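> The following comprises the amino acid sequence and a computationally predicted model.
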Amino acid sequence: MRVPFEWLKEFVPIDVGASDLAKRLTMRGFEVEAEEAVRPAFSDVIVGEILDIDRPAGTEKLLLCKVDIGRDVLPIVCGAQNIATGNKVPVALPNTRLADGTVIEKRKVKGIESYGMLCSERELGLSDDHSGIFILSDEFRVGDSLSDALGLADTVFDVNVPPNRGDCQSILGIAREVASILNKKVTLPSFTLVEKEDPELRMSLAVLSPDGCPRYVLRMIRDIAILPSPFWMRNRITKCGMRPISSIVDVTNYVMVELGQPLHAFDYQKLARARIEVRLAGEKSTFRSLDGVDRKLEEGDLLICDGEGPVALAGIMGGENSEITSVTKHVALESAYFNPLFIRRTARRLELRSEASLRFEKGIDIANADFAAQRAVSLMHRIAGGTVVKGSKEFYEKKEPRTIFVNLKKVGELIGMPIEREDIIKSLQSIDIPVVKREKEGVVVSVPPFRHDLAEYMDIVEEVARIIGYENIPATVPISRLMPVRQQKMSLTASLAKQYFVSSGFYEAINYGFFNEKDITRFLIPEGDTRSRCVSILNPISQELGVMRTLLSPGLLESLAYNVNRGIKHLRMFEVGKVFYKADGTDSDSEARPSLRPGTPGGSEEPHPQAGTRAYAEVRRGERRSDNEGIQRKANRCEPLPQEPVFAGLVLTGREREYFWKGAPPELDFFDLKGVLEGMLDSFGLSLEVKRSEEPFLNRYNASDLFIAGVRAGWAGELKQEVLAAYGIEQKVYAAEIDLTIVAAQGLEERKYQPVPRYPSVIRDFSFIIEPGISVGSLIDNIKAVSPLIVSVGVFDLFKREKTSVAFRVTFQSLEDTLRDESVNKLQEIIIRKLTQIEGVKLRA
Amino acid sequence: MDVKTLKEKAVAEISSIKSVEDLKRVGTTLLGRKGLFSEYLQELKTVNQEQRKSLGQAINELKGWAEAKLQELEALYKKEEQEQKERESRVDITMPGNRPLLGKAHPITLTFREMERIFSSLGFEVAEGPNIELDYYNFEALNLPKDHPARDMQDTFYVAPGVVLRTHTSPVQIRVMERQLPPIRIIAPGAVYRHDQDISHTPMFHQVEGLMVDRNVRFSDLKGILTIFLHEMFGENVPLRFRPSYFPFTEPSAEVDIGCVICGGKGCRVCKETGWLEILGSGMVHPEVFRIVGYDPEEVSGFAFGMGVERIAMIKYGIDDIKQFYYNDVRFLAQF
Ligand SMILES: [Zn+2]
């Protein structure tokens, strides 16, 4: 809402500066987002009076005027013909700068000395009107600065009016707040309404939907002239961000801004049977609004009709069929209160928002409709002539004002400071909320009809706090009982995993929760795979952000490509974030693909540990609520929400680092990836199990599925070249994704102490030659199974020529005594026997 | 038998020592089994009784002296040798060190972490809720019924009728209150989504929601808790401003500004010449919200607040482009 300071001053005496007032309005909840200084486009133009006009001989169109400028009388030559003796006009003296930058000089026109210039509105930058000299109102004083006289130097506040304060979408509304801030009273604009009985102009009014239109006032004015409105009105309308059109339309806009009452002017002669009928649309039809667009009407739309059919979409826009034109003679003026819900519904559906509908939607002052109509017709009479027809047609379904009981003690308790009873009452009265009844505990206040936002005691508490000023309310520390702060397993898991990855050299990426549906095909995910059925966004910003992600890797690859393209080719990145799986009940392919066992929806149904450990038994019994079934049922009538498990995604590429002077760092590979995953899981007390992976986007010879305690938790491996190519990456990339909801569910068990061995351990090395196809992991398992005395089996060498040779280091350890050579030798024999029994395994000589 | 000659010989030998090799040789020559002293002591047997004692004493004294001298020299050479080795191990300490690899956490994560630290020290726990949320939780239960004008304030992504991408973290308030009874002190960090993409908006961003419900929670407590938080986050001296605002689910509502950290309150482009930066929205929980979750607003009261994490991170770290958070440019990430 744009509020010119000079206009505001008409409503309330303001004894502080504009900036000061702006700050105080902001602290009242009306944030002044900008204080715009409005300055005239010209300099030093003054008001002059034409004393005499002469037509010098030998010139055709030139007039020589004698102009009184107060301190002097000057001869000024003028080409325009619309002036007369006695006119007050703007005078630009030498050295004055006009709107277009021209600087006036003393000059000779056809031999006649001219000491300045009389100006048109366009030359002063006031409008596009260049039809003649700008004739000023007689009230202006000769010699005064034109800028001051017209009130051109002004400050316009751009006020961010809260959506619940429709009443402040007007100068009057803001003025009420200003009056309360400055401890002043608001004065309404004064005018005298001169009416005349008119036997000819008669209208009939019928409101068939009192629900949609509880008040409708109709007034008429005849024989008006459609002209441009005077400068002062155009100036204010322009400052408020609207465009002046013509006298009648300008008045409706002017009064709307001034009083907050939207008005609509009909061309009386276009209203069939001189009738206005407010009713609901019965069935679908179309209606051409005054902007020339055909609007589709639906049953229930609130319409203004004449004797034949619709002439306006109530409160939103008038119709082409009844609009004011340059030949309009008589005007029927509507000043109504429309039900906000009706206006909002239709305006929203039609995507048609006007200054009027925005105000109706928020609720206007029903009590003010007739005053606004009177104000408008009197202004019309003043600027467009004509005769105001005596009386009005009116429908008004009056309602009792709402009352609210305010417990005065509670007001102070809720705000957090003691407030005197009388201070509360005075505060409320300063914003027109009167006390209608005093009781022992508190008072009953009456809500003024323009305050649609006040419904219960908390609304009144807010008003009191606002008027006292938030800056005057103390900052206190709550009085509450101490409770241990616990961290939920899922968020703890995510945060520990992040820390592990960061300390392992990974940079953290954060990507959007949505991706391109094409990412699914780029990752070669087959139809039927859980990850191919994304949650789609019905109104996406673009196709690239069209569906919720089911994988973290596409985003990570984009981040990787972004960096590689900028020369960073040796890199590890990770992301910990949610993926989204559609929750459509029976999952036929959940068997085809080992389930990733996503977590509970949103991971949020875990009982909150703080839950009522010390719940208020007096308020309600029990810890977790037992009374909430009905409440939750209300929400859960919808389809189940998608699942949102939290995953960790990893990508790594290039070398461990680009170079190092002690020797070339090795290329990163599958085992760097696997090692990080093993280490991360170990930090949660879990171990990683792997199986060959069939993930379609992985090089299957360099890829594994990941398992935790037998549950599939993800995958890891080298991404296929064709997948990488889709993201513009030409170098090898290893990637993994692991479901942290499984880690959270399985890990973080309390650790139990194991005695530290008191006896020395024995180490033996073994070397075997193995055929292709024999997995080292299975040999390790075989060795471990030989005896509980074997506490670790490591691989310390592996080399491939025709055959693969692998060397194990086995540690034997007893907690009871020192192992003797004979017993270790025995175990050694068993190991060799057991392994060489496997086909394709031979002891290396 | 001439001890004097022995002494002269021994002195001559010892003074001839110029190297570790000399030392070894002289050691053998003088003190070896067939060395000079052995020779003299052998010879001593042939000397008569009277002289034997005094001669023997003199030879042994001399031997002791030679042994001590040689040991001294040995220690000296050992030390020199050690020093030589150390000299040879000299490195150029200005060469780059071999750093263990370290990655970096995203500044959003760091900001979350800092906020969680502060609030957890004030007794607030972390709670979470789904990103894909029911319209009911995102709007209706927050006193934003269908057709409410304030719904226009947030451009919503829909995934199904009645199902949205949450536009704020406020629905977590409702989910928590549905599950448990007061006292409640939670914060809810997470991603939120709005249909908005331009120079200062990304379609996804992060928020932290807070909620405290108890008996006798006052508006002044909201001021107190948020003052503590903002002073921890931005420093004790940052000016704060609480001013009335409007949110459908709080009343009274307050917008909180901090003094502009760029211009120090004088007014600049970043603060739109006001000297203040909007940092969070807050207010007392609206009684209608309590009624919706089945709490009695006569019995309990509470406050809630919500803030944009990107905005806080931008102010804290001086980042001027919100898009930087989502490029994941290592040259950006490495700075934090
Ligand atoms: Zn600033």
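Thanks, I have the structure now.
> Next secondary structure element downstream of the helix or strand bottoming out on mean pLDDT in chain B?
Ranked by mean pLDDT, DSSP states H and E, the weakest helix or strand in chain B is helix B:36-44, scoring a mean of 86. Sequence-wise, the next helix or strand downstream of helix B:36-44 (DSSP states H and E) is helix B:49-88.
> Could you pull out the strands in chain B for me?
Secondary structure of chain B, counting by DSSP state E: strands at B:125-126, B:132-134, B:158-160, B:163-165, B:184-193, B:204-214, B:240-247, B:250-259, B:276-285, B:301-308.
> what does the stretch 151-300 of chain A give?
A:154-160, A:195-196, A:204-207, A:215-222, A:263-267, A:275-280, A:285-288, A:294-297 (DSSP state E, counting those that start in this stretch).
> Now do the least confident helix or strand of chain B against helix B:49-88, angle only.
With axes from the mean of the first three to the mean of the last three CA atoms, to 10 degrees as the basis, helix B:36-44 and helix B:49-88 are set at 170 degrees to each other.
> now for helix B:36-44, which elements pack on it?
Helices and strands touching helix B:36-44, by 3 or more CB pairs under 8 Å, 6 or more residues apart in numbering or on different chains; DSSP states H and E, are helix B:3-15, helix B:20-31, helix B:49-88. In short, each C-beta sits where N, CA and C put it, glycine included.
> Those helices: which one's closest to residue A:220?
Proximity of these to residue A:220 was assessed by CB to CB; the nearest stretch is helix B:49-88, lying at 111.7 Å.
> if we can go back for a sec, let me know which of the helices and strands packed on helix B:36-44 is tucked in deepest.
By mean neighbour count, with neighbours taken as mean count of other CB atoms under 10 Å in any protein chain shown, helix B:20-31 ranks first of the helices and strands packed on helix B:36-44 at a mean of 16.
> Dump the C-alpha coordinates for that one into CSV.
These are the backbone C-alpha positions of helix B:20-31, laid out as CSV (Å, rounded to 0.1, in the frame of the first residue of the first chain):
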residue,chain,number,x,y,z
VAL,B,20,88.1,-43.7,14.7
GLU,B,21,90.5,-46.1,12.8
ASP,B,22,93.5,-44.6,14.7
LEU,B,23,91.6,-44.9,17.9
LYS,B,24,91.0,-48.6,17.2
ARG,B,25,94.6,-49.2,16.2
VAL,B,26,96.0,-47.4,19.2
GLY,B,27,93.7,-49.2,21.5
THR,B,28,95.1,-52.5,20.3
THR,B,29,98.7,-51.2,20.3
LEU,B,30,98.4,-50.0,23.8
LEU,B,31,95.8,-52.1,25.6
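> now for it, which elements pack on it?
Applying 3+ CB pairs under 8 Å, 6+ apart, we find helix B:20-31 packed against helix B:3-15, helix B:36-44, helix B:49-88.
> Just put those in a markdown table and tack on distance to residue A:769.
As requested, those are arranged in a markdown table below (distance: least, CB to CB, whole Å):
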| stretch | distance to residue A:769 |
| --- | --- |
| helix B:3-15 | 64 |
| helix B:36-44 | 63 |
| helix B:49-88 | 44 |
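> Let's have these in CSV, adding distance to the ion.
Written out in CSV, the entries for the helices and strands packed on helix B:20-31 read as follows (distance: least, CB to the ion, whole Å):
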stretch, distance to the ion
helix B:3-15, 85
helix B:36-44, 94
helix B:49-88, 59
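> Quick check: which of those is nearest to residue A:308?
Among the helices and strands packed on helix B:20-31, helix B:49-88 comes nearest to residue A:308, with 111.7 Å by CB to CB.
> Figure out how far that closest one is from the centre of its chain.
Taking the mean C-alpha point of helix B:49-88 and that of its whole chain, the gap between them comes to 59 Å (CA atoms, centre = their mean, to the nearest Å).
> just to revisit the earlier point, nearest to the ion, out of the strands of chain B?
strand B:276-285 (7.2 Å; CB to the ion).
> what ranges of the chain fall below the confidence cut-off?
Just going to use chain A. A:584-639 (pLDDT under 70).
> ah, I was thinking of chain B
With pLDDT under 70 as the threshold, chain B has low-confidence stretches at B:1, B:149-150, B:152-154.
> Wasn't residue A:134 part of a strand?
No. Using DSSP: H, G, I helix; E, B strand; the rest coil, the secondary structure at residue A:134 is coil, not a strand.
> Setting aside sequence neighbours, what's the nearest residue to it?
Setting aside the residues directly before and after it, residue A:134 is nearest to residue A:121 in space (CB to CB, 6 or more residues apart in numbering or on different chains), at 4.7 Å.
> how far is stretch A:78-95 from where the chain is centred?
Per CA atoms, centre = their mean, the centroid offset for stretch A:78-95 relative to its chain is 52 Å.
> ok, and for it, which residues are buried?
Of the residues in stretch A:78-95, those with enough neighbours to count as buried (16 or more other CB atoms under 10 Å in any protein chain shown) are A:78, A:80, A:83, A:87-93.
> Using PDB, write out every CA atom in that stretch.
The C-alpha trace of stretch A:78-95 is given here as PDB (Å, rounded to 0.1, in the frame of the first residue of the first chain):
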ATOM      1  CA  CYS A  78       3.000  32.700 -25.000                       C
ATOM      2  CA  GLY A  79       1.900  30.600 -27.900                       C
ATOM      3  CA  ALA A  80      -1.000  28.700 -26.300                       C
ATOM      4  CA  GLN A  81      -4.500  30.000 -26.700                       C
ATOM      5  CA  ASN A  82      -6.300  28.700 -23.600                       C
ATOM      6  CA  ILE A  83      -5.400  31.500 -21.300                       C
ATOM      7  CA  ALA A  84      -7.500  34.500 -20.200                       C
ATOM      8  CA  THR A  85      -6.900  37.500 -18.100                       C
ATOM      9  CA  GLY A  86      -7.200  36.600 -14.400                       C
ATOM     10  CA  ASN A  87      -5.900  33.100 -14.900                       C
ATOM     11  CA  LYS A  88      -3.300  31.800 -12.400                       C
ATOM     12  CA  VAL A  89      -0.600  30.000 -14.300                       C
ATOM     13  CA  PRO A  90       2.800  28.400 -13.700                       C
ATOM     14  CA  VAL A  91       5.600  30.800 -14.600                       C
ATOM     15  CA  ALA A  92       9.100  29.600 -15.400                       C
ATOM     16  CA  LEU A  93      11.600  32.500 -15.000                       C
ATOM     17  CA  PRO A  94      15.000  32.600 -16.600                       C
ATOM     18  CA  ASN A  95      17.400  29.900 -15.200                       C
END
